[in-house]
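A.B. asks: mind looking at a prediction? Sequence and model below.
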Amino acid sequence: MKLLVVGGAGYVGSHTVRLLARAGHQVWVYDNLSQGHRAAVSGESLIVGELADTGLLQQALAELQIDAVLHFAALALVGESMADPARYWINNVAGTLSLLEAMRASGVSRIVFSSTTATYGVPEQMPIVETTRQQPINPYGLTKLVIEQALGDYARSYGFAYAALRYFNAAGADPDGTLGEDHDPETHLIPLVLQVPLGQRDEIAIFGDDYPTLDGTCVRDYVHVNDLARAHLAALERLQPGIGLALNLGSGRGYSVLEVIEACRRVTGHAVPVRFAPRRPGDPPELVADARLARQQLGWQPEYVEIESIVETAWRWHRSHPRGYDD
Ligand code: UDP
């Protein structure tokens, strides 16, 4: 297939682009490089453009005769979305509508969309199944939820075929050490912890130690970025006109913040001093996936389940790229 990967220069996008190309698809990346990195994509396939630029998107879709779109482009930080929700509504929601309208105008109706566990808010049941009520507790999760709903309408009324993939905590890096996570500012737990053995940080702050979890720190389901990439490839092959799939992508195992830090200690062989800090607003205590539907629908199962194996790949990347892509 000829594929347009919107946000393909970012973290999950770039790993997926590599896998799609290896699977024989023809791939173009559309990215404004606000968060993405030119070095994360091979230059000739990169179109630098804004999500809001419906005309440029339409032109790319038509001229390249694109068969399907994968849409990763989004602002994705809970805290930032609480402080400045307007940016999230404009970029995520208005931006995605611009993309959907460009698709409609050029007759492209297949899309795989990056959704999130943040659409569930503080879930009523654990592990989380896809039918668990979606009640986001921050603007980030809410923008992703309304996009899922827009996709539902586009499927019903315009025959769109979509998959909304609800990521749990994307983590790790391509094991060959050439692609990885590079956010500015970095806010994610594993890359921040690994800054300690890299000598870039003295300690790690743990946001909250009084959650109703086994050790009082938040529990998350960390899923390897290449496992996410494999799910996109599988979802692409299952798209059907008028039908939407919404699937959890997680490993099904929860690790507390303290357990993740301990895994980083073991993998790097380095002490990681910790400091307990107040809870971070917008953080639910526990988020763990029931990912059986993705297994049924896509034949997908994560290859990385142990947190150490995920951290090992992240460590390989960060150790060889201490300043990320350095761009
Ligand atoms: N966290 C932490 N200290 C940090 C960064 C994150 O204790 O410096 C916690 C955070 O509160 C959450 C977990 O680590 O419970 C994962 O956070 P991250 O930002 O990596 O992902 P999120 O769950 O927000 O998508």
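C.D. replies: Nice, I can see it.
A.B. asks: nearest spatial neighbour of V196, chain-adjacent residues omitted?
C.D. replies: Spatial nearest neighbour of V196, excluding adjacent residues (Cβ to Cβ, 6 or more residues apart in numbering): V272 at 4.8 Å. From N, CA and C alone the C-beta is placed, and that goes for glycine too.
A.B. asks: quick one: the one you found from T132, how far?
C.D. replies: For V272, the distance to T132 (Cβ to Cβ, to the nearest Å) stands at 33 Å.
A.B. asks: and what of A83?
C.D. replies: Distance from A83 to T132, by Cβ to Cβ: 27 Å.
A.B. asks: which parts of the stretch 151-300 of the chain sit against the ligand?
C.D. replies: For the stretch 151-300 of the chain, the contact set with the ligand under Cβ under 6 Å from any ligand atom comprises 169, 187-189, 192, 204-207, 218, 220, 257, 280, 283.
A.B. asks: now do the contacts for the closest residue to the ligand within the chain.
C.D. replies: For the chain and the ligand, the shortest gap (Cβ to the nearest ligand atom) falls at C218, measuring 3.0 Å. Each residue near C218 by Cβ atoms under 8 Å, 6 or more residues apart in numbering is listed here: 207-208, 211, 256-257, 283-286.
A.B. asks: can you pull the pLDDT of it?
C.D. replies: At C218, the model reports a pLDDT of 97.
A.B. asks: excluding chain neighbours, give the residue nearest to T187 in space.
C.D. replies: Closest to T187 by Cβ to Cβ, 6+ apart is L77, at 5.9 Å.
A.B. asks: how about the one you found, phi and psi?
C.D. replies: The phi and psi values for L77, taken as degrees, to the nearest 10, are phi -110, psi 120.
A.B. asks: quick one: neighbours of it, just the number.
C.D. replies: Look at L77: counted by other Cβ atoms under 10 Å, it has 19 neighbours.
A.B. asks: ok, so what distance separates it from A155?
C.D. replies: L77 is 29 Å from A155, by Cβ to Cβ.
A.B. asks: just the pLDDT at S256, thanks.
C.D. replies: Confidence score, pLDDT, at S256: 98.
A.B. asks: nope, D153 is what I was after
C.D. replies: pLDDT, D153: 98.
A.B. asks: tally of neighbours for it?
C.D. replies: 12.
A.B. asks: that one should be in a helix, yeah?
C.D. replies: Yes: under DSSP: H, G, I helix; E, B strand; the rest coil, D153 falls within a helix.
A.B. asks: residues in contact with the helix or strand of the chain with the lowest mean pLDDT?
C.D. replies: Within the chain, no helix or strand scores below helix 78-83, which has a mean of 91 by mean pLDDT, DSSP states H and E. Here helix 78-83 makes contact (Cβ under 8 Å, 6+ apart) with 75, 87-88, 118, 138-141, 143, 187, 280-283.
A.B. asks: farthest pair in the residues you listed?
C.D. replies: Farthest apart among those by Cβ to Cβ are R87 and D283. That separation is 20.0 Å.
A.B. asks: so which of those two has more stuff around it?
C.D. replies: D283 (18 against 14).
A.B. asks: name the SS class of the residue of the chain positioned farthest from its centre, please.
C.D. replies: Distance from the C-alpha centroid of the chain peaks at A271, with 29.0 Å (Cα atoms, centre = their mean). Of the three states, A271 takes coil under three-state DSSP.
A.B. asks: please, which helix or strand holds the closest residue to it other than its chain neighbours?
C.D. replies: Sequence neighbours aside, R265 is the residue nearest to A271 in space, at 6.7 Å (criterion: Cβ to Cβ, 6+ apart). Per DSSP states H and E: R265 is located in helix 257-268.
A.B. asks: after that helix, next one along is what?
C.D. replies: strand 274-277.
A.B. asks: counting contacts, what elements does the very next helix or strand once past that following strand pack onto?
C.D. replies: For strand 274-277, the following helix or strand on the C-terminal side (DSSP H and E) is strand 286-287. Contacts defined by 3 or more Cβ pairs under 8 Å, 6 or more residues apart in numbering; DSSP states H and E place strand 286-287 against strand 219-220.
A.B. asks: give me the residues contacting the strand it packs on.
C.D. replies: 168-169, 189, 211, 213, 254-257, 260, 285-288.
A.B. asks: can you map out the strands along the stretch 201-327 of the chain?
C.D. replies: With DSSP state E, counting those that start in this stretch as the criterion, the stretch 201-327 of the chain has strands at 204-207, 219-220, 222-224, 244-249, 255-256, 274-277, 286-287.
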